[in-house]
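Novice: need a 3D model of the following:
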Amino acid sequence: MALGDSLSDEQRAAYIRSRLVPGAVIYRHCSFTKPPKVKFLVVLAVRSDVAFFVINTDIHEFIQSRQHLLDCQVTIDQANHTFLDYDSYIDCTEAFYADTALVIDELMNDVDGYKGTVSDNVRTAILTAIDEAMTIADGEKLPLRAGLINN
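Specialist: Down below sits the predicted model:
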């Protein structure tokens, strides 16, 4: 029996809202990937949209061959993030966005889509990667960093 099965709709909504915060890791379908698939995502900010980075199992060779992109890959270790099956990488070169209400609805239907939070070490590494990312506009960096700093 999954956690969500034992909660009322009101309890499930409160549970989701309290956990959908910067630093949370969720598991949801991503239409922007090729091919579209379910991915682990690190939440960066929650406003009218949820901003997030994607977690990948490997670093694409395109990124490996470009140091400025490689510098923005943050290792997330399985030992401290037991929802992962193995060490993985947070791609901090591009933030993606999804409507907050849609994400909450998805998680209401699958409470187990909330996986946990990143460790303090990983959070610090993400902040550094955001600062160094030449692929993220300066005006976008502050809102992405703010949530991670304040939560």
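
Novice: just checking: what are the partner strands of the helix or strand containing Thr75?
Specialist: Thr75 belongs to strand 73-76 when assigned by DSSP states H and E. According to DSSP bridges, strand 73-76 has the following sheet partners: strand 88-99 (antiparallel).

Novice: now do the partner strand: everything it contacts.
Specialist: Contacting residues not belonging to strand 88-99 are listed as 28, 30, 32, 40-42, 44, 48-59, 63, 69, 72-76, 78, 118, 122, 126, 129-130, 133, 135-136, 140, 144 [Cβ atoms under 8 Å, 6 or more residues apart in numbering]. Yep, even glycine has a C-beta here, placed from its N, CA and C like the rest.

Novice: ok, for the most centrally placed residue in the chain, nearest residue in space, not its chain neighbours?
Specialist: For the chain, the residue nearest the mean C-alpha position is Val42 (1.2 Å; Cα atoms, centre = their mean). Closest residue in space to Val42, ignoring its immediate chain neighbours: Phe53 at 4.9 Å, by Cβ to Cβ, 6 or more residues apart in numbering.

Novice: list the contacts of the one you found.
Specialist: Taking Cβ under 8 Å, 6+ apart, one finds 41-42, 44, 90-92, 94-96, 126 in contact with Phe53.

Novice: hmm, 10 Å instead?
Specialist: 40-44, 72, 74, 89-96, 126, 129-130, 144 (Cβ atoms under 10 Å, 6 or more residues apart in numbering).

Novice: next, count neighbours for Leu127.
Specialist: 17 (other Cβ atoms under 10 Å).

Novice: same check on Arg145?
Specialist: Burial measure for Arg145: 17 neighbouring residues, criterion other Cβ under 10 Å.

Novice: what pLDDT does it get?
Specialist: Note for Arg145: predicted pLDDT of 94.

Novice: repeat for the one 3 residues further on
Specialist: The pLDDT attached to Leu148 in the predicted structure is 92.

Novice: now the strand holding Thr75: how far from the chain's centre is it?
Specialist: Chain-centre distance of strand 73-76: 12 Å, with Cα atoms, centre = their mean, to the nearest Å.
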